[in-house]
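Chemist: Next one to model:
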Amino acid sequence: MSSTLKRLALILFAIAAGFGLAQFSARHAAAPSWWPDRERDKQARYFKEVLQLVKENYVGDAPADYATLTRSALDGMVSQLDPHSAFMLAEEYRETEEEMTNAFTGVGIQVEQRDNQVVIVAPIPGTPAERAGVRRNDRLTKIDGQPLATPTLDATIKLVRGEPGSLVTLTVFRPSSGKTIDYPLHREKIRLESVRYTAMHPGHIGYLQITQFSERTGEEFETALEGLEKEDLRALVIDLRNNPGGLLDAAIEVCDQFFNKDELIVYTQGRTPESRENHYARGGHRPRTYPVAILVNGGTASAAEIVSGAMRDTKRAIIVGEKSFGKGSVQSVIELQNGEGLKLTTARYYTPSGVTIHEKGILPQVEIEVSPDDEARLRSQQSRVEFGPEPGDDLKPITDVQLAAAEEVLTGVLAAKGK
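Modeler: Residues are numbered from 1 along each chain as shown. The predicted model follows:
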């Protein structure tokens, strides 16, 4: 073989060897996407064996078909992860989608699972539950007389919901009084305005309440804010007490009214470093430099804590009230086959300074506690302003000490600025 042919053969061999090494490297680099996961496959085979045994041998009243067994297994698997993750049947998934648009049928309670109990985070203002007197921190023990022995959030919500006008009786235990109370409630189509009770208080201090964060919250908040600004707004109180949260985008839109363009509002962090997702302000509004106070309490959760944390971290607001709930995890809602869905905890929220909200909450700079009895009276007092007094209502007005403290702080800030 001539030297030229030898060189050509060596070049071809090198090319072939290089191609082979590249393919080997590519296969190993891509292994997680297609390489067999032996442990997963082992457990899947084990599940299949048990599924087959149950299907072929179980004798009982309930059917043991593959579809029912599989969905029961999925429900059990996901619900064991944490109180916020859930496998949803088609009807439940549809109801979740409705909630995101701020419209659903029920009695108007936001619930959370703690220590194997279903706890009412907050009754939604203007709903049957609030009008009847259901309170934050009440423990839901029975629905229509049936005890909640091993409750899950999704199962409980399904029992509470139903056709508009139908009756459901909630039995709650109230830790503050040690009493058990029955509340017969008629279900209603709950159509919520998330920004309510907008008013201008003395000293040109504006007040507004955000009840939860939905698709329309950002738009409603901007409209309310611009309305107050036309009345010569000089300071603002944002009331997030008993706000159970909602959509992340809505919280960002509220903060966006005060943040500069491209300024970090919040970030989420999943399992891996590359899963971090930063959420920045979009800007586009006029500068807002007036002082802000935000009211929070134990019913302030999730998206409401994002707003409080972001505004506090960047020194745009003073937080007044009580420590917030501490629900700082992100649930992704994923559509599955046949209209079913999966709600899965996939990340946690962090304030701009890198502080996690989860199980820690937001600590107020001005801490003022309100008793459950006074809180209930204040909520009734606020409802009477909107809906009018109820027959035989002789309750005397009481002072909202948290709101009064917030206004006092803002008045002091304005005085220091010479306004």
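
Chemist: Tell me how many other residues surround residue 111.
Modeler: By the other C-beta atoms under 10 Å criterion, the neighbourhood of residue 111 contains 20 residues. No exception for glycine: its C-beta is placed from N, CA and C like everyone else's.

Chemist: hmm, who's touching whatever helix or strand it lives in?
Modeler: Under the criterion of DSSP states H and E, residue 111 resides in strand 109-114. Outside of strand 109-114, the residues within contact range by C-beta atoms under 8 Å, 6 or more residues apart in numbering are 83, 118-124, 127, 129, 134, 140, 151-153, 156-157, 160, 170, 212, 244, 301, 325, 327.

Chemist: In terms of helix, strand or coil, where does residue 251 fall?
Modeler: Taken by DSSP: H, G, I helix; E, B strand; the rest coil, the conformation at residue 251 corresponds to helix.

Chemist: Hmm, residue 319 and residue 312 touching each other?
Modeler: Yes. Applying C-beta atoms under 8 Å as the test, residue 312 and residue 319 come out as touching, 5.2 Å apart.

Chemist: more crowded one of these two?
Modeler: residue 319 (25 against 22).

Chemist: Enumerate every residue touching residue 305.
Modeler: Contacts for residue 305 (C-beta under 8 Å, 6+ apart) come out as 245, 296, 324, 325, 326, 327, 328, 349, 357, 361, 362.

Chemist: who touches both of residue 312 and residue 319?
Modeler: 294, 362, 365.

Chemist: Just the buried residues from those, in PyMOL please.
Modeler: Only the buried members of these end up in this PyMOL selection, burial being decided by 16 or more other C-beta atoms under 10 Å:
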select buried, resi 294+362
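
Chemist: pLDDT and distance to residue 42 for the shared contacts of residue 312 and residue 319 - can I get that in JSON lines?
Modeler: Rendered in JSON lines, the data for the shared contacts of residue 312 and residue 319 read as follows (pLDDT from 0 to 100; distance: C-beta to C-beta, whole Å):
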{"residue": "294", "pLDDT": "98", "distance to residue 42": "51"}
{"residue": "362", "pLDDT": "94", "distance to residue 42": "44"}
{"residue": "365", "pLDDT": "97", "distance to residue 42": "54"}
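
Chemist: and the next element down the chain from the helix or strand that contains residue 46?
Modeler: Using DSSP H and E, the element containing residue 46 is helix 38-57. Sequence order places helix 66-79 as the next helix or strand after helix 38-57, per DSSP H and E.

Chemist: and the angle from that following helix to strand 109-114?
Modeler: 80 degrees (axes from the mean of the first three to the mean of the last three C-alpha atoms, to 10 degrees).

Chemist: now helix 66-79, how far from the chain's geometric center?
Modeler: 25 Å (C-alpha atoms, centre = their mean, to the nearest Å).

Chemist: what is the rounded mean pLDDT of it?
Modeler: Mean pLDDT, computed over helix 66-79, is 93.

Chemist: what does it contact?
Modeler: Taking contacts as C-beta under 8 Å, 6+ apart, the residues outside helix 66-79 that touch it are 47, 51, 54-55, 62, 85-87, 89, 152, 154, 340, 342, 344.

Chemist: Show me the one in those residues that has more neighbours than the rest.
Modeler: The most crowded member of the contacts of helix 66-79, judged by other C-beta under 10 Å, is residue 86 (25 neighbours).

Chemist: per-residue confidence for that residue?
Modeler: So, for residue 86, pLDDT stands at 92.

Chemist: With the one 5 residues further on instead?
Modeler: As predicted, residue 91 sits at a pLDDT of 83.

Chemist: and it, which of the three is it?
Modeler: Following three-state DSSP, residue 91 is assigned to helix.

Chemist: For burial, what's the neighbour tally of it?
Modeler: Residues contacting residue 91 under the criterion other C-beta under 10 Å number 12.

Chemist: Quick check: it vs residue 62, distance?
Modeler: 19 Å (C-beta to C-beta, to the nearest Å).

Chemist: cool, residue 213 as well?
Modeler: Noted for residue 213: a distance of 39 Å to residue 62, by C-beta to C-beta.

Chemist: closest to residue 236 among the shared contacts of residue 312 and residue 319?
Modeler: residue 294 (9.2 Å; C-beta to C-beta).

Chemist: What about that closest one? Give its phi and psi, please.
Modeler: According to degrees, to the nearest 10, the main-chain angles of residue 294 amount to phi -120, psi 130.

Chemist: so how far is residue 310 from it?
Modeler: As for residue 294, its distance to residue 310 is 10 Å (criterion: C-beta to C-beta).

Chemist: ditto for residue 337
Modeler: Looking at residue 337 against residue 310, where the rule is C-beta to C-beta, the gap reads 38 Å.

Chemist: Of those two, give the one with the bigger neighbour count.
Modeler: Higher neighbour count among residue 337 and residue 310: residue 310, with 27 against 7, using other C-beta under 10 Å.

Chemist: which SS class is the more buried one?
Modeler: Three-state call for residue 310 (three-state DSSP): helix.
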